[in-house]
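> predicted structure and sequence below. I'll ask about it afterward.
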Amino acid sequence: MSLQSEIDEMKQQSAAKASQQVRETMMQATLDLKKKNIENDALSAGDMAIDFTLPNAQGKDINLKDELVKGPVVLNIYRGGWCPYCNLELKALKESLSEIEATGAQLIAVAPQLPDKTVDTVEKHQLEIEVLSDVGNKISRQYGLVFTLAESLRAIYDSFGIDIPEYNGDDSFELPVPATYVINKNGEIAYAFVDADYTKRMEPAEIVKILNQL
């Protein structure tokens, strides 16, 4: 089953449990975010990736430029460990990790959550990749991905048991639009997948295909 098929199945199950008002509110929030044109304003193919240094789950600083010396980098920017769709994506990427690494590339995941939440994510999913904490969305902001969660969604997320301020360490409710960047050794973005609809993600098989073309 493809990643998108799994996401669509989860989306249907979630919708079945929610009221019509909740479904309509969430759909409208996605449409409103689409209108902000983040997808068009974010870094895209042909742009140079912005260098960064962020701590991993062990507290070690990881520098993008240093990692590119080893080979291409797949940069996955996700909302956080609280997001079930992000967790499905991380699971799918984990299952495709050997194929990604066989191309000479490595996978780096970035989320705005606090370091201890990053540790939780790595341990929960038994990830063998670099998962970095971008507290304050400093890097995602430079990539043009940051937005503020609509107030209409905050009570809904709270009813789901999702406490974004607890995860991110502030009450800004800022999040990144999920994105996947395939970056070549020269630091150029060879491919960019950015979608304001957080239930849309890039297929790992497509990532591998692009890496093989580099």
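Alright, I've got the coordinates.
> what about the helices in this protein?
Secondary structure of the chain (DSSP state H): helices at 3-17, 20-34, 38-41, 64-68, 84-95, 97-102, 115-125, 138-142, 151-159, 164-168, 204-213.
> tell me which of those lies nearest to Asp197.
Closest to Asp197 of the helices of the chain, according to CB to CB: helix 20-34, at 5.3 Å. Using the backbone N, CA and C atoms, a C-beta is placed for each residue, glycine as well.
> OK, contacts around the residue positioned nearest the centre of the chain?
Geometric centre of the chain, nearest residue: Tyr78, 1.7 Å, by CA atoms, centre = their mean. For Tyr78, the contacting residues are 86, 89-90, 109-111, 176, 178, by CB atoms under 8 Å, 6 or more residues apart in numbering.
> mind listing what's buried in the lowest-mean-pLDDT helix or strand in the chain?
Of all helical and strand segments in the chain, the minimum by mean pLDDT, DSSP states H and E falls on helix 115-125, at a mean of 91. Residues 115, 117-119, 121-122, 125 are the ones in helix 115-125 that count as buried (16 or more other CB atoms under 10 Å).
> again with stretch 172-185
Those would be 173-184, for stretch 172-185 by 16+ other CB under 10 Å.
> these in strands, which ones?
174-176, 179-183 (DSSP state E).
> which of the helices of the chain has the lowest mean pLDDT?
Sorting the helices of the chain by mean pLDDT places helix 115-125 lowest, at a mean of 91.
> run through who's touching that one.
55-57, 59, 80-81, 87, 90-91, 94, 111, 113, 127, 131-133, 135, 167.
> with stretch 4-11 instead?
Contacts for stretch 4-11 (CB under 8 Å, 6+ apart): 84-85, 88-89, 92, 199-201, 203.
> ok so, going back, tell me the one of the ones in strands among the buried residues of stretch 172-185 nearest Asp51?
Ile183 (10.5 Å).
> quick one, the least confident helix or strand of the chain and helix 84-95 angle?
60 degrees (axes from the mean of the first three to the mean of the last three CA atoms, to 10 degrees).
> beta partners for Val194?
Counting by DSSP bridges, Val194 forms beta bridges with Ala179.
> how many neighbouring residues does it have?
23 (other CB atoms under 10 Å).
> please apply the same query to Phe52.
That count, for Phe52 with other CB under 10 Å as the rule, works out to 20.
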